[in-house]
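**Q** quick one: sequence plus predicted model below, questions after.
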Amino acid sequence: MTTGAISCGVAVGLAAAAAITDWRDGIIPNWLTIPPLVAAPVVYLAIFGLHVALASLIGGLVCGAGPYILFRRDAIGGGDVKLLSAVGAVAGVAVGLEGQLFGFVLAAVWALIVTAARGGLFTMLANAVFLAVNPILPARWRREIVPQEMTSLRLGGFILVGLCVSITLRFAVAA
């Protein structure tokens, strides 16, 4: 078993635990995300040296940057940010970003399906358009998005599945 497989396995275990707590309690706790975020660079430094430890730090920063911007816009929760950052620190930038992409795409597709089943697809799509263009529209053309029209979605499970897809594709291509 290679070190890449081990680090990916640790990242999947972390994401699985986060998915369970997110599904059960609606929260991804700090005790689950902060230790691997801090420990990964330290362990990599002790075992592989400064180069790999710096790559781990960069992985955590890069994989957490986009989600942090979403968090600041109240689009995702802080636990999701820390989880994605920890995955980047443990498994690396490429796996972390691919897992994010697949997870966000899966969450978006799921949101579309659920919203369409409830009959609110067009309202949701209109809200999405106005969320994107409101900042550049003149004030008189802007549309206020009422928080009651917004939907909350727990991302832990989607992050887990996205990470598994990314790792499976990565190892399938390598084989």
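**A** That came through, no problem. Please read all numbers here as calculations on a predicted model, not as lab measurements.

**Q** from here on, contacts and neighbour counts on C-alpha atoms
**A** Fine.

**Q** return the helix or strand in the chain with minimum mean pLDDT.
**A** helix 121-133 (a mean of 81; mean pLDDT, DSSP states H and E).

**Q** averaged pLDDT, the next helix or strand after that helix. What do you get?
**A** Where DSSP states H and E defines the elements, the next helix or strand beyond helix 121-133 is helix 156-174. When pLDDT is averaged over helix 156-174, the result is 92.

**Q** now do stretch 92-102
**A** 96.

**Q** start the count at 13, not 1, going forward
**A** Will do, 13 is the new start, and the previous item becomes stretch 104-114.

**Q** pull the distance from it to the chain's centre.
**A** 9 Å (CA atoms, centre = their mean, to the nearest Å).

**Q** what residues of that stretch count as buried?
**A** 104-114 (16 or more other CA atoms under 10 Å).

**Q** for residue 123, list the residues it contacts.
**A** residue 165 (CA atoms under 8 Å, 6 or more residues apart in numbering).

**Q** tell me which helix or strand it sits in.
**A** helix 105-130.

**Q** now do that helix against helix 168-186, angle only.
**A** Orientation of helix 105-130 against helix 168-186 (axes from the mean of the first three to the mean of the last three CA atoms, to 10 degrees) gives an angle of 130 degrees.

**Q** got the angle for helix 105-130 vs helix 133-145?
**A** 140 degrees.

**Q** count of neighbours near the residue nearest to residue 111 when sequence neighbours are not counted?
**A** Spatial nearest neighbour of residue 111, excluding adjacent residues (CA to CA, 6 or more residues apart in numbering): residue 175 at 4.0 Å. Residue 175: 29 surrounding residues under other CA atoms under 10 Å.
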